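> Need a 3D model of the following:
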Amino acid sequence: MFVLTFLILGAGCSRKGADYAFPDPEPEEPDIPAEEHNPAIVALGWTNVGEEFGKLPSHLDVYRSPATLENKPAVAFIAVADLKGGAEWTLWSIKDLGKGSNESFRTPAEVGKSSGARVVMNGGYFYSSGGLNYSASLAYHDGTLYARNINYASKDWVTIYYPTRAAFIEHGDGTFEAAWTYGSSDGHWIYPAPAENSWNKEPLPVPDASFPAGAATFEARTAIGGGPVLIRDGKICNSYSAEMLEEGGIGPTINNPRSAIGVTAQRKLIFFVCEGRNMTPKVAGFTTQEVADILKSLGCIHAVNLDGGGSSCMLVNSKETIRPSDGVQRRVASALMIN
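Presented below is the predicted three-dimensional model:
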């Protein structure tokens, strides 16, 4: 039937020139070499090393840092996922809404093995107490709240503070933001600026729908907590003081292995990890300010610092990028994934 129709149509046409010819098929766009996928990143001295980790889809690239970043010896890697090109991100987390969990922490390798994800990176903060495992950072995906950001802080357990803490959020409409959150059984909110708490001042009120200003009811497609916020709306924040993160081991002003997540205006999702603690000789790591500067140079307009130190780890096709500072992968409460 198709051939007969074609002949009838052809017979009824007076072929006077090219305007009447059937058009040629649209030419396929040539594959762009991997080293040309993110030219602005390559121009900064980052090297596309995806081939070292096996086959990757066209929407995912992996880069190794130049030997020096922020005037320091560096061993750092980024995974760059093109969300417009089909990349997707998700997470795994224990479920802990403040009462602890019997679920086991997992290494990134264990998360990768069970999920089959191309890239796996450690997520937010966590701790164990009284035989239970706790997540100290927000984890949310696909309608399920696995954990909230920890909603209190104290040095002496007499004076209690209620800080708003960082979250990297993809909203239901596909937009992103780095923001501050507070959640409890009374509600869960997102704020455009943190409550300006300080260890040197009296505690501010418990955050709610009216404090700090600009509160919105929590909503997301996927969200991961950590701290501090590094970049918001293209501006470096590094809000560790307001988030009360000077205490508790993250050492924002000293060199450490770090993990972070950011997104560019072109919807390129970036996972960042760096070595530290001289796992490679003379490579001490970075401060959170330096990580913010690095991610800003890579084009991130929103970015959040995640758990670091011995937790920092990123796998690509099950292969480690940096050398974890514990010598082995640490078991963590949450992990991020790219497919």
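> what number of residues lie near V332?
29 (other CB atoms under 10 Å). Every C-beta, even on glycine, is put in place using the N, C-alpha and C of the backbone.
> Now it. Nearest residue, chain neighbours left out?
Nearest non-adjacent residue to V332, counting by CB to CB, 6 or more residues apart in numbering: N122, 4.8 Å away.
> Look up which residues are beta-bridged to that neighbour.
A335 (DSSP bridges).
> Show me where this protein has its helices.
2-11, 39-43, 108-115, 288-297 (DSSP state H).
> Which of the ones you listed comes out lowest on mean pLDDT?
Note on the helices of the chain: lowest mean pLDDT is at helix 2-11, with a mean of 34.
> H188 and L145: what is the separation?
Noted for H188: a distance of 8 Å to L145, by CB to CB, to the nearest Å.
> same question but for P66, I mixed them up
To L145, P66 is 40 Å away according to CB to CB.
> Compare neighbour counts for these two and give me the winner.
The residue with more neighbours, out of P66 and L145, is L145; 17 against 12, by other CB under 10 Å.
> how deep is I294 tucked in, by neighbour count?
25.
> same question, L83
The number of residues packed near L83 is 19, by other CB under 10 Å.
> Hmm, it is touching I270, no?
No - judged on CB atoms under 8 Å, L83 makes no contact with I270 at a distance of 10.8 Å.
> For these two, list the residues in contact with both.
V263 (CB atoms under 8 Å, 6 or more residues apart in numbering).
> looking at this structure, which helix or strand is least sure?
Of all helical and strand segments in the chain, the minimum by mean pLDDT, DSSP states H and E falls on helix 2-11, at a mean of 34.
> thought G276 was touching G251?
No - judged on CB under 8 Å, G276 makes no contact with G251 at a distance of 10.2 Å.
> between those two, who's got more neighbours?
Neighbour count, other CB under 10 Å: between G276 and G251, G276 has more, with 25 against 17.
> ok, now which ones touch the more buried one?
N255, N256, P257, R258, V283, A284, G285, F286, G308, G309, S312, S325.
> For it, which non-adjacent residue is closest in space?
G285 (2.2 Å).
> V158: how many residues sit nearby?
6.
> What separation is there between the residue nearest to E247 when sequence neighbours are not counted and S135?
Using CB to CB, 6+ apart and skipping the chain neighbours, the partner closest in space to E247 is K155 (6.5 Å). Computed as CB to CB, the K155 to S135 distance reads 22 Å.
> ok, now K113?
In this structure, K113 and S135 are 21 Å apart, going by CB to CB.
> Please identify which of these two sits among more neighbours.
Remark: of K113 and S135, S135 carries more neighbours, 30 against 14, as counted by other CB under 10 Å.
> Next, count neighbours for A213.
Neighbours around A213, by other CB under 10 Å: 9.
> wait, it sits on P194?
No - shown here, A213 and P194 do not form a contact pair, counting by CB under 8 Å, at 11.1 Å.
> related to what we said a few turns ago, got CSV for the contacts of G276, with neighbour count and pLDDT too?
Listed next are the contacts of G276 as CSV, based on neighbours: other CB atoms under 10 Å; pLDDT from 0 to 100:
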residue, neighbour count, pLDDT
N255, 17, 98
N256, 23, 98
P257, 28, 98
R258, 29, 98
V283, 22, 98
A284, 18, 98
G285, 27, 98
F286, 27, 98
G308, 27, 98
G309, 19, 98
S312, 32, 98
S325, 20, 98
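> Of those, which is the nearest to K319?
Closest approach to K319 among the contacts of G276 (CB to CB): S312, at 15.6 Å.
> where along the stretch 101-250 of the chain do the strands fall?
Under the criterion DSSP state E, counting those that start in this stretch, the stretch 101-250 of the chain contains strands at 119-122, 126-129, 132-135, 139-141, 144-147, 165-170, 176-184, 187-191, 216-217, 222-225, 229-232, 235-236.
> Nearest approach to V304 belongs to which of those?
strand 165-170 (4.1 Å).
> average pLDDT across the closest one?
98.
> Within its sheet, name the partner strands of it and how each one runs.
Partners of strand 165-170 in its sheet, by DSSP bridges: strand 176-184 (antiparallel), strand 222-225 (antiparallel).
> List the contacts of it.
Residues contacting strand 165-170 (CB under 8 Å, 6+ apart): 89, 137-138, 149-151, 176-182, 190, 220-229, 239, 243, 261-263, 302-305.
> repeat that for 7 Å
For strand 165-170, contacts defined as CB atoms under 7 Å, 6 or more residues apart in numbering pick out 138, 149-150, 176-181, 190, 220-229, 243, 261, 302, 304.
> And stretch 180-200, by the same measure?
138, 148-149, 151, 161, 163-167, 169, 179, 203-204, 207-209, 212, 214-218, 225, 229, 239, 241-244, 246.
> Then stretch 146-163?
93-98, 135-140, 165, 167, 181-184, 188, 195, 197, 203, 206-207, 225, 243-244, 247.
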